[in-house]
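1. Okay, structure incoming, though there's no sequence with it:
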């Protein structure tokens, strides 16, 4: 069996010529004060007692619902990224006003 090969083969180096400058990409919704670099920082709720629930620590289910500490608490008392008045929000509505990806 003959395997073709080239005598002029080249390989890529695993080293960079210069150090990498800058930071990893992130989303921000408040002018850069809060940076979302992962799903937990993007999809969270804050309960009226100050407890922050994220996808990685939320153990709620139909059989184990999130319980609020005060019976008078309402949905409006829960802090969320998406305003309560909206059923659906396009991610661009958050990203574009915050100038995501814009060099400063």
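-> Okay, I see it. Note that this is a predicted model, so its numbers are computed, not measured.

2. From here on, just use CA atoms for contacts and neighbour counts.
-> Fine.

3. which residues of the chain fall in helices?
-> 39-42, 91-95 (DSSP state H).

4. Check these for me: which has the lowest mean pLDDT.
-> Lowest mean pLDDT within the helices of the chain: helix 91-95, at a mean of 67.

5. Number of residues surrounding residue 54?
-> Residue 54: 16 surrounding residues under other Cα atoms under 10 Å.

6. confidence score at it?
-> pLDDT, read off for residue 54, is 92.

7. Lowest-scoring secondary structure element of this protein by mean pLDDT?
-> Lowest by mean pLDDT, DSSP states H and E among the helices and strands of the chain is helix 91-95, with a mean of 67.

8. gap between residue 67 and residue 36?
-> 26 Å (Cα to Cα, to the nearest Å).

9. Which of those two has more residues huddled nearby?
-> residue 36 (16 against 9).

10. contacting residues for the more buried one?
-> 26-28, 42 (Cα atoms under 8 Å, 6 or more residues apart in numbering).

11. partners of the closest residue to residue 52 other than its chain neighbours in the sheet?
-> Spatial nearest neighbour of residue 52, excluding adjacent residues (Cα to Cα, 6 or more residues apart in numbering): residue 46 at 4.4 Å. Following DSSP bridges, residue 46 is listed with bridge partners residue 52, residue 79.
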